[in-house]
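In: sequence and predicted structure below; questions after.
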Protein chains: 4
Amino acid sequence: MGDRLEERARKVPGSHETAFMSYIKQMFEAHPFEPAIDHSRAVECIVACYSCAEACNACADACLGEDKVGEQVACIRADLDCADICLAAAKIVSRITATDRELVGAQLRACAHACRLCAQECEKHAPHMKHCAICAEACRRCEAACQDLLKE
Amino acid sequence: MGDRLEERARKVPGSHETAFMSYIKQMFEAHPFEPAIDHSRAVECIVACYSCAEACNACADACLGEDKVGEQVACIRADLDCADICLAAAKIVSRITATDRELVGAQLRACAHACRLCAQECEKHAPHMKHCAICAEACRRCEAACQDLLKE
Amino acid sequence: MGDRLEERARKVPGSHETAFMSYIKQMFEAHPFEPAIDHSRAVECIVACYSCAEACNACADACLGEDKVGEQVACIRADLDCADICLAAAKIVSRITATDRELVGAQLRACAHACRLCAQECEKHAPHMKHCAICAEACRRCEAACQDLLKE
Amino acid sequence: MGDRLEERARKVPGSHETAFMSYIKQMFEAHPFEPAIDHSRAVECIVACYSCAEACNACADACLGEDKVGEQVACIRADLDCADICLAAAKIVSRITATDRELVGAQLRACAHACRLCAQECEKHAPHMKHCAICAEACRRCEAACQDLLKE
């Protein structure tokens, strides 16, 4: 199974990403309702939110494993907030049976802000800690995806 | 952003998956600790857990949008349990600073069981509801990934 | 254990609440940092968020058990959003090591809005479904607690 | 609002608990289904799980605020796992429309184990850190409530 994953995984050039599987695009196409929001922007936002939560949760743990953990406190703190907010946003944007645009907007604004804070903190450590560089990338992408969906 | 997403997405042949990006493999490589568990199996399990949670949450919503929602009650119920357990499992397996193998094992057993129950329920509806077919696939894959990591 | 619980529980007159135990007030007092936000308002908000998440999650399940589940779709939908947002808010307000007031504000606004939407939906069913009456009460209290903390 | 909370809050003698509100007992009474599991044990377990998640999340943050955060790494790690597992358990036990006893059992076993690990870690720090003493109490109570429900 690990081997099959390795086969499927492609390194995206110039980035820290590995391919994994998202079902959300197919789920939206199979959904009995027409979404009130743009499909591809919502898909990108949901995928970015789950990926960012995954990265933030892992970055918090990697920071906890650093020798100088005292210097990582603000980063761990930002990671945890960002992971929690991203998961809430991912779930809410996924629910298209009925969409309250104001609610989605409020959660996306909170999410974009959490991503920005976490990216700023991770970017301080990025030059000497690769996990922070990766996490910053995930956060910046998620911030952009939230902003993009907010523009609608 | 939606366009870039479309470019990056590849349909995996013969499946309902689209390839997106996970940061967990790079995060593990950047982590200051050596993991106590096999890298590639843990990566596959984490990715499968997030994907399954994504699919289950979306399937619950799609079921809620069906005309005959009364026939989807058991499916919605199974989806919600499975999504919650998968997210907890994903986060716990991601934390490798210290790994209590018994705890990981207990959560993986709960997760594999939740995935099996949800897959069984979704498979009943799969012939006439594509979102259930997709969700069943995500659940079976996650069940297998949990079992695979449990074998270690 | 159930018996001890019964002894400890008090019915709050005129409400659907039973008093149980929260540790957050003592946790704040034991915390090495002085919080940037008002203690008692933050405690009330955190407690209200967890209680509301608990009520919403249970109301969604009770709605799924109703004979006419088709009439409960909007309620289940609102319950799930509200539960997810409340838990994210509870965790973020609990973290006082460093508080980004703008982030807390953004999440509280999302939470207050989710609570209002869920309360409005539950109130429609409250006359004939007690679980919706209880959930509406939890949502209104949480909305008020979020608004109160936002006023700071 | 803060003031009303203060009025309602009672310090439980000999413990770190403050009264807060749980709606789950009333929700179970209002639920259209008869639960497959004992009411009062399930209520105690759900309340204990939410309280423990609240305490663990707050303890992780308090540990992050300690001067010697390097000595708190194992505690933060245990807190995060325990909080995630407790919330998953609370939600699953709350869903009584259909209860798969094996699934509930598996999640309760994972939860009891996470609580035991976290309590053991917190108890090491309890003599000189009150937040760890409080968290250990919440974890031990939750472990007992899970074990009690497992006995059924």
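Out: Noted; the coordinates are in hand. Numbering: from 1, shown residues only, chains lettered A, B, ... in the order given.
In: quick one, helices of chain A?
Out: Per DSSP state H, chain A carries helices over the ranges A:2-8, A:24-30, A:39-64, A:73-94, A:101-125, A:130-150.
In: okay, those in JSON lines with mean neighbour count and mean pLDDT next?
Out: From N, CA and C alone the C-beta is placed, and that goes for glycine too. Listed next are the helices of chain A as JSON lines, based on neighbours: other Cβ atoms under 10 Å in any protein chain shown; pLDDT from 0 to 100:
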{"stretch": "helix A:2-8", "mean neighbour count": "14", "mean pLDDT": "35"}
{"stretch": "helix A:24-30", "mean neighbour count": "22", "mean pLDDT": "91"}
{"stretch": "helix A:39-64", "mean neighbour count": "28", "mean pLDDT": "95"}
{"stretch": "helix A:73-94", "mean neighbour count": "27", "mean pLDDT": "97"}
{"stretch": "helix A:101-125", "mean neighbour count": "23", "mean pLDDT": "97"}
{"stretch": "helix A:130-150", "mean neighbour count": "25", "mean pLDDT": "97"}
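In: for chain A, which residue occupies the most central location?
Out: Against the mean C-alpha coordinate of chain A, by Cα atoms, centre = their mean, the closest residue is A:Cys52 at 2.3 Å.
In: ok, the residue nearest to it when sequence neighbours are not counted - contacts?
Out: Spatial nearest neighbour of A:Cys52, excluding adjacent residues (Cβ to Cβ, 6 or more residues apart in numbering or on different chains): A:Cys142 at 3.8 Å. For A:Cys142, the contact set (Cβ atoms under 8 Å, 6 or more residues apart in numbering or on different chains) comprises A:Cys45, A:Ala48, A:Cys49, A:Ser51, A:Cys52, A:Cys86, A:Cys111, A:Ala112, A:Cys115.
In: let's go with 6 Å and repeat that
Out: Taking Cβ atoms under 6 Å, 6 or more residues apart in numbering or on different chains, we find A:Cys142 in contact with A:Ala48, A:Cys49, A:Cys52, A:Cys115.
In: next: A:Cys56.
Out: Counted by Cβ under 6 Å, 6+ apart, A:Cys56 has contacts A:Asp79, A:Cys82, A:Ala83.
In: tell me the one of the residues you listed nearest C:Ala30?
Out: Nearest to C:Ala30 among the contacts of A:Cys56 is A:Asp79, at 23.3 Å by Cβ to Cβ.
In: how much space separates the closest one from A:Ala88?
Out: 15 Å (Cβ to Cβ, to the nearest Å).
In: for A:Glu152, same thing?
Out: For A:Glu152, the distance to A:Ala88 equals 19 Å [Cβ to Cβ].
In: go on, A:Cys146?
Out: Distance check for A:Cys146 against A:Ala88: by Cβ to Cβ, it reads 12 Å.
In: quick check: A:Gln107 vs A:Ala53, distance?
Out: In terms of Cβ to Cβ, A:Gln107 sits 14 Å off from A:Ala53.
In: go on, A:Glu102?
Out: The value you get for A:Glu102 to A:Ala53, if Cβ to Cβ is used, is 23 Å.
In: same check, this time on A:Leu117
Out: Applying Cβ to Cβ to A:Leu117 and A:Ala53 gives a distance of 15 Å.
In: repeat that for A:Arg116.
Out: The gap separating A:Arg116 from A:Ala53 is 15 Å, by Cβ to Cβ.
In: out of the contacts of A:Cys142, which is nearest to B:Ile96?
Out: Nearest to B:Ile96 among those is A:Cys52, at 19.2 Å by Cβ to Cβ.
In: OK, contacts around the closest one?
Out: Applying Cβ under 6 Å, 6+ apart to A:Cys52 gives the contacts A:Cys86, A:Ala138, A:Cys139, A:Cys142.
In: you'd agree the first one is up against A:Cys49?
Out: Spelled out, it's A:Cys86. Yes - with contacts counted by Cβ atoms under 6 Å, A:Cys86 reaches A:Cys49, the gap being 4.4 Å.
In: spell out which parts of chain A neighbour chain D.
Out: Within chain A, the positions adjacent to chain D are A:Leu64, A:Val69, A:Gly70, A:Val73 by Cβ under 6 Å from any Cβ of the partner chain.
In: list the contacts for the third one?
Out: Spelled out, that is A:Gly70. Here A:Gly70 is in contact with D:Val69 (Cβ under 6 Å, 6+ apart).
In: please apply the same query to the last one.
Out: With contact set as Cβ under 6 Å, 6+ apart, A:Val73 has these partners: D:Leu64.
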